[in-house]
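Asks: Sequence and predicted structure below; questions after.
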Amino acid sequence: MSQFRNDTEKTTDSTDFTDILSQNHLRNPRNLRLKDLFSVESFRQSNKVCVHVVRQHIAQFVRHALWLLWIAVMLVGCSPAQPARRLETELLTLQTAHHALQQQFTQLQSRLHELDANFQRGSFFEPQVITTPLEVAEASNTLQLVQDRGQLRCGINVNAPGFGYLDPNDGEYRGFDIDICRAIAAAILGQDGVDKVKLIPLTSRTRFVALQSGEVDVLVRNTTWTLSRDSALGFDFAPVTFYDGQGVMAPADSAIFDLAGLAGQAVCVAGGTTSETNIANYSEAQGLELEILPFDDSESLRTAYEEGRCQGYTGDKSGLLGQRLLLSEPAAHRILVDDISREPLGPLVRQGDDGWLDVVAWTVQCLFNAELLGIEQKNVKQALNRTDVSARLLLGLEGELGAGLGLENDFCYQTVLQVGNYADIYNRNLGPQTEFNLPRGLNALYVDGGLLYPLPFR
């Protein structure tokens, strides 16, 4: 477990500020291009970059000013024999350069004051999301682009044990959400499609920009389905793949046994998430007066919690189970029974491409239906001999259901063969044989008392 913890904590979601510096962008501010500054890879550090660049320009101005002063001193000390015309020309050149630098300095100072004001207001710590859909060339026919590319680009979380993490044994990404990505790839790209997926780590703040900009084709990153995300942000959700709820983790030796026990204390949370909004609303509604401390990544959040900077750690309960395993003493922490909110999680895509939404949605429905019909990874080849119409339609032996989606008719067969059905995916990552041993609960089929209701393949 310690090896798992150490290797997982080394994983980062995107290029950090020091990586940008190592690219020699900021050693010479002129080399910093707009696309570098606001690329998704450096997006979560772009505000620091802005300030750094401005300060670099001001430092450059000071150096130029000193250089001009040195030139002026040299000119004053020049020999009287030097032609007056040449001196006048040199002086005019220096005055022009000085005027240009003075203007630049004034502009940079104004920009720096604006940036400092933003930091003081905390506006840089709000979720940095484009609130109007981008005009992305690939938004109109994502399926065709994925097929032509021969690869699915899937946005994921790599700091959520059980859902998305780096396996220290083989260096591969694994988890519930990772398998959903691979299932979509298998459905679209057919034989060996499970290996034709590019998994792109994203933070909670960069995930929406990555999807809106077209950097990823689909986002499968423990993201809650909400009205605003489904409308104002220009996204469409596929079926819910995991029903969750927000909770709080606290030290087992503390006097915190329920949410009321946190009154007046600090709570750590991932910034830019529904968890941050939910805990703030809950605190206000219940009069708890909680101090809410947002963090950009789970590693810094976890560190702050272990150091005692906050007395509670809030997030989706499924995520808290994984994060608890990464603490130095997992058994020294408990997850409170109380629920703060409902958190239905699932894949999402850009609006405006209904065909692509159908592909993702019916891949998920394939997983549900296969479990309902008892077709799983270990018996799917034998299931090809079944005579019942439901199984034959699901596996593409009859009808043209796949063609209606722009896929091969055996897309569901390929998905189950390469990844498994929903139960296979759940048990492999979260079930009784894992460290989580998380009961299915709401994530069981409707026939077993859960909320998963497979839509018919016909």
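Replies: Nice, thanks for sending it over.
Asks: Neighbours of residue 424, how many?
Replies: 21 (other Cβ atoms under 10 Å). In this view, the C-beta of every residue, glycine as well, is placed from N, C-alpha and C.
Asks: what does the one 3 residues further on give?
Replies: By the criterion of other Cβ under 10 Å, residue 427 has 16 neighbours.
Asks: pLDDT on the helix or strand harbouring residue 188, on average?
Replies: Element membership for residue 188 (DSSP states H and E) is helix 176-189. Across helix 176-189, pLDDT averages out at 98.
Asks: Could you list the paired strands of whatever helix or strand comes next after it along with their orientation?
Replies: As assigned by DSSP H and E, the chain's next helix or strand after helix 176-189 is strand 197-201. Using DSSP bridges, strand 197-201 pairs in its sheet with strand 152-156 (parallel).
Asks: Output the strand it pairs with as CSV, nothing but the C-alphas.
Replies: Output of strand 152-156 as CSV, limited to C-alpha atoms (Å, rounded to 0.1, in the frame of the first residue of the first chain):
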residue,chain,number,x,y,z
LEU,A,152,-10.0,8.4,-28.6
ARG,A,153,-8.8,11.2,-26.4
CYS,A,154,-10.4,10.9,-23.0
GLY,A,155,-10.0,13.4,-20.1
ILE,A,156,-9.4,11.7,-16.8
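Asks: Who are the packing partners of the very next helix or strand once past it?
Replies: Using DSSP H and E, the next helix or strand after strand 152-156 towards the C-terminus is strand 159-160. Using 3 or more Cβ pairs under 8 Å, 6 or more residues apart in numbering; DSSP states H and E as the contact test, the elements touching strand 159-160 are helix 298-306, helix 317-325.
Asks: Can you give me the neighbour number for residue 310?
Replies: By the criterion of other Cβ under 10 Å, residue 310 has 23 neighbours.
Asks: Mean neighbour count for the helices and strands packed on strand 159-160 - can I get that in a markdown table?
Replies: Formatted as a markdown table, the helices and strands packed on strand 159-160 follow (neighbours: other Cβ atoms under 10 Å):
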| stretch | mean neighbour count |
| --- | --- |
| helix 298-306 | 19 |
| helix 317-325 | 22 |
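Asks: Flag every buried residue along stretch 261-280.
Replies: 261-262, 265-276, 278-279 (16 or more other Cβ atoms under 10 Å).
Asks: got it, and stretch 424-441?
Replies: Per 16+ other Cβ under 10 Å, stretch 424-441 contains these buried residues: 424-431, 436, 438, 440.
Asks: Now render the residues you listed as CSV, adding distance to residue 189.
Replies: Converted to CSV, the buried residues of stretch 424-441 look like this (distance: Cβ to Cβ, whole Å):
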residue, distance to residue 189
424, 19
425, 18
426, 23
427, 25
428, 21
429, 22
430, 26
431, 27
436, 30
438, 30
440, 29
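Asks: right, and out of the residues you listed, which lies closest to residue 141?
Replies: residue 425 (28.1 Å; Cβ to Cβ).
Asks: So the closest one is in contact with residue 419, correct?
Replies: Yes: the pair residue 425 / residue 419 is scored as a contact, 6.6 Å apart, by Cβ atoms under 8 Å.
Asks: Kindly point out which residues are neighbours of both of these two.
Replies: Shared contacts of residue 425 and residue 419 (Cβ atoms under 8 Å, 6 or more residues apart in numbering): 179, 183.
Asks: model confidence over the helix or strand hosting residue 277, on average?
Replies: Assigned by DSSP H and E, residue 277 belongs to helix 274-286. On average, the pLDDT along helix 274-286 is 94.
Asks: residues contacting residue 283?
Replies: Neighbour list for residue 283: 289-290, 292 [criterion: Cβ under 8 Å, 6+ apart].
Asks: Neighbour-wise, which one of those residues leads?
Replies: residue 290 (24 neighbours).
Asks: circling back to that earlier point, and the buried residues of stretch 261-280, which is closest to residue 324?
Replies: residue 268 (13.4 Å).
Asks: buried ones in stretch 347-356?
Replies: Buried residues in stretch 347-356 (16+ other Cβ under 10 Å): 347-351, 353, 356.
Asks: Compile the residues you listed into CSV and extend it with columns for pLDDT and distance to residue 451.
Replies: Shown next, in CSV, are the buried residues of stretch 347-356 (pLDDT from 0 to 100; distance: Cβ to Cβ, whole Å):
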residue, pLDDT, distance to residue 451
347, 98, 17
348, 95, 19
349, 97, 22
350, 96, 26
351, 94, 25
353, 96, 27
356, 98, 25
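Asks: and which of these is nearest to residue 151?
Replies: Using Cβ to Cβ, residue 356 is the member of the buried residues of stretch 347-356 that sits closest to residue 151, with 15.0 Å.
Asks: Just give the nearest non-adjacent residue to the closest one, would you?
Replies: For residue 356, ignoring the flanking residues on the chain, the nearest one in space by Cβ to Cβ, 6 or more residues apart in numbering is residue 142 at 4.0 Å.
Asks: Thought residue 353 was touching the one you found, still the case?
Replies: Yes: Residue 142 is in contact with residue 353 according to Cβ under 8 Å; the separation is 5.3 Å.
Asks: which sections of the stretch 351-458 of the chain are below the confidence cut-off?
Replies: In the prediction, the stretch 351-458 of the chain carries no residues with pLDDT under 70.
Asks: The stretch 101-250 of the chain now?
Replies: Low-confidence segments of the stretch 101-250 of the chain (pLDDT under 70): 101-140.
Asks: which residues in the stretch 201-350 of the chain form strands?
Replies: Shown for the stretch 201-350 of the chain, the strands assigned by DSSP state E, counting those that start in this stretch span residues 218-219, 235-237, 242-251, 266-270, 291-295, 312-316, 333-335, 341-345, 348-350.
Asks: who's in contact with the shortest one?
Replies: Think strand 218-219. With Cβ under 8 Å, 6+ apart as the test, strand 218-219 has contacts from 152-155, 181, 184, 202, 207-208, 210-211, 347-349, 360.
Asks: Between those residues, identify the one with the most neighbours.
Replies: With neighbours defined as other Cβ under 10 Å, the most crowded of these is residue 181; it has 30 neighbours.
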